[in-house]
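[1] I'd like to go over a predicted model; first the sequence, then the structure.
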Amino acid sequence: MDSSIFHPSIVNLGTDSYLLGHGVSTNINGETTEGQVPLTILSIDVDNIQITQSWLDSKWEEFSRKDDVWCKVFARNVLAQESPGVLRLIANSGQSQILTLRSFRCEDFLPEGPYILSGSKIYRIYKLYPDPFGAFVCGVIPTAPGSNRYQRTPMSHVPVPSRLYSSPSHLRPLLGKRIAVKDIIDLEGVKTTVCSKAYEALRDVSNTTAPSIQKLIDEGAVIVGKVKTTPFSSGMGPRDWVDYQAPFNPRGCGYLDTSCSSAGSGAALAGYEWLDFTIGSDSLGSMVSPAADNGLFGIRPTHGRISCGGLVPVSSHLDTPGIFSRDISDFGAATKLWLGASDDSDPESSSVMPKKLTILSERYENLAPEMQKVMEDFIRDFEKATQLQRKTTTMDELWKSHAPKESSETTFAETFQTTLAHIQLYGHYNNTIPFREDYRRKFGTEPYAEPLLRYKWDLGAKLTQDQLTTALKKKELFSNFMKENLFNDGGVMLLPCALPDVSYRDGYFGSVEESGAPWQGFNVPITVFSSLGGGPAVSIPVGQRLYDSKVTGAKEYQPVGLMLLGAPGKLINIPGH
């Protein structure tokens, strides 16, 4: 058993429940009533501030506006922190007689916010939020104050600290921001499950945190939990999950597809206002598609820009972490900080305003008419904001005019028909060989894998190193073609990034082969432009459209998204922000 794990208590106050974090010892020496006492700590210069009821009321109004953890029950008892570790009772409602001392000491500085006094210790608290959309694998808390090691909490609720404990600033925009992490990414002290019971049974807790997540922690972000992924980040629909239930999409009628594989990341952020960002990953579109289907901003950064260390891989040639956000301003600040784009002297970090816009008409043809209208309205607004006029073309036309001589005898679709699929299938199969071998050695049986996962592995097992080498050469060909003919001179593209019509979580699509084939990357899917192109792809929620729900029998709203793509190594400014 991990000796660093502690066992927190739960306190119920009214209709809300709170988890007690680590306590700070004081010299109250048991002069409290029995049980747990809610209180608020204020940092006050008592020589320069006159404490009146009016002043306190204004503080409570400020706290209520800023924080979802603090509530009026914590105003029953108020302690002023006159200097680090020195506290004085300044308000007591009589409902909670907490002490006879007028001042006392504690062993550490305590930031403003809500606390629980129990015995002679003062505890930071975490509000426990339910997970009605089933997006989380687990909640987590640090094993000690200031520790970078975490432990999962032994309940289905998610523990969230007070926002008053740390507030973001212009210089530190991520300070105190709550983040949930896709469960293919290592977090020190917590098992990575990839939503597979077999993988979870084999793994120990992680000894390190992935560098991409550690960077966020170093900037002051608060990790509150790990969210679901399709098993091993494999493409599949909600009904194909077995070991875990697929999360529910909060949008529309509540039964729309959440997309994959960052399904939990998308559903959690779309559904829970108490969460600020989620981290996902993208190999074949698992950032841009969940963002569109859940009505969020999301970015697949330039491939290789963010470390993939500590991630369970699909393919090193495709994988990248990404970030989801509901707010465009927060999204921009977090993305620039995460990508290390604060240094304007770094040309690879610079932001670019679009200078030409390309629209591929064939990618809009099969969309539902209502979706087409929402997208067209946004494209017109984009043209006005950038003072650009779109160039409408097709990839076949571009390829016919600019294809290199060695590839000019085949169409664009023929040239790249299997490229993306071969790269990800080869990578996924070979990267999971150690897992299957280790499982057989330890348990003497084959690990369970969902039918679509076995289908994927069967395809990958048939691919050779020579086929991978060929696919990687075509990937380079694709990327160079995009840079030279679409992303040159500040060029960008706007493309759809989700299914062409409503997709429900209970949809059936034929046999395993029939339902599994579309998830593998064959036949140049829409996400090929980000996955093979290698540049940044930003999913933008551009609106919503009405649909007739087969579930509710009523008209509901479905999110509509577009992805903005640009040249590798550049951040794309979204006009107007």
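    Right, received. Where do you want to start?
[2] Where does pLDDT dip in the chain?
    For the chain, applying pLDDT under 70 flags the ranges 1-6, 28-34, 46-48, 84-86, 91-104, 107, 341-352, 572, 574-577.
[3] contacts for stretch 53-69?
    Defining contact as CB atoms under 8 Å, 6 or more residues apart in numbering, one finds that stretch 53-69 is touched by 18, 40, 42, 49, 70-72, 75, 78, 91, 113-114, 125-127, 160-164, 167, 273-274. C-betas here are computed from N, CA, C, even on glycine.
[4] all helices for the stretch 301-450 of the chain, in order.
    328-338, 369-386, 395-402, 412-415, 419-431, 433-443 (DSSP state H, counting those that start in this stretch).
[5] of all those, which lies closest to Ser479?
    Checking these against Ser479 by CB to CB gives helix 419-431 as the closest, at 10.8 Å.
[6] Between helix 433-443 and that closest one, find me the angle.
    Between the axis of helix 419-431 and that of helix 433-443 there is an angle of 30 degrees, by axes from the mean of the first three to the mean of the last three CA atoms, to 10 degrees.
[7] Name the residues of helix 419-431 that come out as buried.
    Of all the residues in helix 419-431, those buried under the rule 16 or more other CB atoms under 10 Å are 419-431.
[8] could you redo those residues as TSV and give each row distance to Met375?
    Output for the buried residues of helix 419-431, formatted as TSV (distance: CB to CB, whole Å):
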residue	distance to Met375
Thr419	27
Leu420	24
Ala421	27
His422	31
Ile423	29
Gln424	27
Leu425	31
Tyr426	34
Gly427	32
His428	32
Tyr429	36
Asn430	38
Asn431	36
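[9] tell me the domain boundaries of this protein?
    10-127, 133-156+166-347, 357-572 (automatic domain parsing).
[10] Tell me if I'm right that Val551 and Tyr504 touch.
    Yes - under the criterion of CB atoms under 8 Å, Val551 makes contact with Tyr504 at 7.3 Å.
[11] Of the two, which one has the most company?
    Between Val551 and Tyr504, counted using other CB atoms under 10 Å, the more crowded position is Tyr504 (18 against 14).
[12] can you tell me which residues contact the closest residue to the more buried one other than its chain neighbours?
    Nearest in space to Tyr504, with sequence neighbours left out and distances taken as CB to CB, 6 or more residues apart in numbering, is Tyr255 at 5.4 Å. Tyr255 makes contacts with Phe248, Asn249, Tyr504, Arg505, Asp506, Ser549, Val551, as judged by CB under 8 Å, 6+ apart.
[13] Show me which of those residues are buried.
    Neighbour-count burial (16+ other CB under 10 Å) applied to the contacts of Tyr255 gives Phe248, Asn249, Tyr504, Arg505, Ser549.
[14] Excluding chain neighbours, what is closest to the fourth one?
    Going back to what we said before, that points to Arg505. Computed as CB to CB, 6+ apart, the closest residue to Arg505 that is not its neighbour in sequence is Pro238, at 3.8 Å.
[15] Could you pull up phi and psi at that neighbour?
    When read as degrees, to the nearest 10, the backbone of Pro238 gives phi -60, psi -40.
[16] surely it meets Ala246?
    Yes - the criterion here is CB under 8 Å, and Pro238 meets it with Ala246 at 3.7 Å.
[17] Spit out the residues that contact the two alike.
    Overlap between the contact sets of Pro238 and Ala246, as judged by CB under 8 Å, 6+ apart, is given by Thr258, Ala263, Arg505.
[18] Helices - which of these land there?
    Counting by DSSP state H, these place Ala263 in helices.
[19] Turn the shared contacts of Pro238 and Ala246 into TSV, columns for distance to His303.
    Compiled in TSV, the shared contacts of Pro238 and Ala246 are given as follows (distance: CB to CB, whole Å):
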residue	distance to His303
Thr258	24
Ala263	22
Arg505	30
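[20] Out of the shared contacts of Pro238 and Ala246, which comes closest to Arg380?
    Taking these together and measuring to Arg380 by CB to CB, the closest member is Thr258, at 29.6 Å.
[21] contacting residues for the nearest residue to the closest one once chain neighbours are set aside?
    Once flanking residues are discounted, Thr258 sits nearest to Asn249: 4.5 Å by CB to CB, 6+ apart. Shown here is Asn249, whose contacts under the criterion CB under 8 Å, 6+ apart are Phe133, Tyr255, Leu256, Asp257, Thr258, Gly266, Ala267, Ala270, Asp293, Asn294, Arg505.
[22] for Ser196, same thing?
    Pro231, Phe232, Asp243, Pro447, Tyr448, Ala449.
[23] I'd like to know how far the third one sits from Thr192.
    Right, the one you point to is Asp243. When distance is defined by CB to CB, to the nearest Å, Asp243 is 14 Å away from Thr192.
[24] Neighbour count for these two, which is higher?
    The neighbour count for Asp243 versus Thr192, taken as other CB under 10 Å, is higher for Thr192 (24 against 16).
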